[in-house]
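K.L.:
Fold the following and give me the result.
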Amino acid sequence: MKKYYNILIFIGLSIVIIFLYGFAAHRSSLREDKGVNVVFENGENLFVSYETVNKLLIQKLNASGLQRKENINLKQLETYLSGHEMVENAEIYLTLSGELGAIIKQRTPVLRVACDKDAYYYDTQGKRMPLSDNYSARVPITADTISEGGNNDLIVLSRIINEDDFLKKQIIAIDRLEKGEHFEYELKTRVGEQKILLGDLRRIEKKIAKLKVFYNKTMLDSTYTNYKTINLKFNDQIVCEK
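P.N.:
So this is what the prediction gives:
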């Protein structure tokens, strides 16, 4: 008799657990998403604000931003946010407690174009990116543009500058000069106001190494302001003009 009694208790407890689990799952599916936890992968919300992300999600979730969890299409939200002109990638997730979260990767500008008719950035992928009312990126300026499918050396050079702490602080402008079938580049500096004649991008690592050697030496004895041009085109030497 005791054996059957224990079996009945076990069955009863199982029914209660299943009922509570089903009830909790039902309540969870009806729960409205009351907020969005936004995280910026790049570290700071420089070009896209938390408010902008929330507003975009609210618009996509039909005005109020509150929907049943079961109806939310996370992939659709990711595609929608990734289409924003300042967003490179977006990942949307939903927690068990019903909170909507977004991990946002902003586009990274590496070059600013300032010409007569327009002003904008190029990002790391060589795509046009509008200027921001929230933040002005400290990147080199150029008057040159890149036609679709055109020469991308300008972006390659800009990325190299952006990824190097010394160059990022020192280089303020890039000029691209057409030389026959190829381009050469001139850089303008922040400290010393020199013009750096870089040539084309062949042996670019060696040219940058030579440039750093030059500045390391001339900054020690404070003679870097004596030069107005630094020519890095030649192998194994730097030709400077005072």
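
K.L.:
How is this protein partitioned into domains?
P.N.:
Structural domains assigned to the chain are 33-106, 109-241, following automatic domain parsing.

K.L.:
Make CSV out of those domains and add mean neighbour count and mean pLDDT.
P.N.:
All C-beta atoms are positioned from the backbone trio N, CA, C, and that covers glycine. Conversion of these to CSV gives the following (neighbours: other Cβ atoms under 10 Å; pLDDT from 0 to 100):
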stretch, mean neighbour count, mean pLDDT
domain 33-106, 15, 79
domain 109-241, 15, 88
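
K.L.:
Quick one: the helices in this structure, in order.
P.N.:
Remark: helices assigned in the chain by DSSP state H are 2-30, 50-60, 74-82, 153-162, 165-170, 204-220.

K.L.:
okay, how far is it across stretch 159-170, tip to tip?
P.N.:
One end of stretch 159-170 sits 14 Å from the other (Cα to Cα, to the nearest Å).

K.L.:
One more: stretch 229-240?
P.N.:
End-to-end distance for stretch 229-240: 6 Å, by Cα to Cα.

K.L.:
ditto for stretch 152-171
P.N.:
When the termini of stretch 152-171 are compared using Cα to Cα, they are 19 Å apart.

K.L.:
before we move on, what about stretch 218-227?
P.N.:
From start residue to end residue, stretch 218-227 stretches across 10 Å - Cα to Cα.

K.L.:
again, but for stretch 193-206
P.N.:
Stretch 193-206 stretches 22 Å from its first residue to its last (Cα to Cα).

K.L.:
hmm, who's touching that stretch?
P.N.:
Judged by Cβ atoms under 8 Å, 6 or more residues apart in numbering, the contacts made with stretch 193-206 from elsewhere in the structure are 153, 156-157, 160, 171, 179, 182-189, 207, 211, 224, 227-233, 235.

K.L.:
repeat that for 6 Å
P.N.:
Contact partners of stretch 193-206, identified using Cβ atoms under 6 Å, 6 or more residues apart in numbering, comprise 153, 182, 184-187, 227, 229-233.

K.L.:
L81 is in contact with E91, isn't it?
P.N.:
No: at 9.1 Å, L81 and E91 do not qualify as touching, with contact defined as Cβ atoms under 6 Å.

K.L.:
that older thread, restricted to strands, list the contacts of stretch 193-206.
P.N.:
Counting by DSSP state E, the part of the contacts of stretch 193-206 found in strands is 182, 184-187, 229-231.

K.L.:
Please identify which of those residues is nearest to Y50.
P.N.:
The nearest member of the ones in strands among the contacts of stretch 193-206 to Y50, counting by Cβ to Cβ, is L187 at 36.6 Å.

K.L.:
beta partners of the nearest residue to that closest one once chain neighbours are set aside?
P.N.:
If you skip the residues right next to it in sequence, L187 has I196 as its closest partner in space, 4.0 Å away by Cβ to Cβ, 6 or more residues apart in numbering. With beta bridges defined as DSSP bridges, I196 has these partners: L187, I230.

K.L.:
And I196, how far from Y227?
P.N.:
Shown here: I196 relative to Y227, a distance of 10 Å by Cβ to Cβ, to the nearest Å.
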